[in-house]
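**Q** Predicted model, plus sequence, below.
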Amino acid sequence: MSTGTTSAPAIRYSAVTFDCPDPAELARFYGDAPGLPVVYSSDDFILLGQEGSPGLGFCRLANYQRPTWPDPSQEKRAHIDLGVDDLDAAQARLLALGAVEPSAQPEPDRWRVLLDPAGHPFCISTLV
């Protein structure tokens, strides 16, 4: 019998997970960039973050196909935006960590698009 009162279940944002061919490689890249530690690791999945805070996950996907941004033949499904204090310094650090700079830069004075080691586009911006 219903009492007429119901409470909504607690739902909270916990992580964004990227498909990739090598979770360890992508976790190393994203772990080194903002300094996130590994909170869980298996052969096929790694989660970075701080206990009690949202994290970044990396999941092995068989037959993974890299996004080809800006070429639409293999579209990106999502991307992450990272806030930085200095675009040039952050870009140099991320390139040294293994990011790649694509030829297309929509608004390089406001934000920069880079590709992580698995080919996912991500942005750095001083706007965040």
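**A** It's in.

**Q** so what's the residue nearest to the spatial centre of the chain up against?
**A** Nearest to the mean C-alpha position of the chain, by Cα atoms, centre = their mean, lies residue 80 at 4.8 Å. Residues in contact with residue 80 (Cβ atoms under 8 Å, 6 or more residues apart in numbering) are 16, 56, 120, 122, 123. C-beta: built from backbone N, CA, C; applies to glycine.

**Q** Greatest separation within those: which pair is it?
**A** For the contacts of residue 80, the farthest-apart pair by Cβ to Cβ is 56 and 123; their separation is 14.9 Å.

**Q** quick revisit: which strand residues sit across from the residue nearest to the centre of the chain in the sheet?
**A** Beta bridges link residue 80 to residue 122, judged by DSSP bridges.

**Q** just residue 38 next, same as before
**A** For residue 38, the beta-bridge partners under DSSP bridges are residue 48.

**Q** That one - how many residues pack around it?
**A** Applying other Cβ atoms under 10 Å, we find 14 residues neighbouring residue 38.

**Q** Could the C-alpha coordinates of the lowest-mean-pLDDT helix or strand in the chain be exported in CSV?
**A** One helix or strand of the chain scores below all others by mean pLDDT, DSSP states H and E: strand 80-83, with a mean of 86. Provided in CSV are the C-alpha atoms of strand 80-83 (Å, rounded to 0.1, in the frame of the first residue of the first chain):
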residue,chain,number,x,y,z
ILE,A,80,36.7,16.9,-21.9
ASP,A,81,37.6,20.5,-21.2
LEU,A,82,40.5,21.3,-18.9
GLY,A,83,40.9,24.7,-17.2
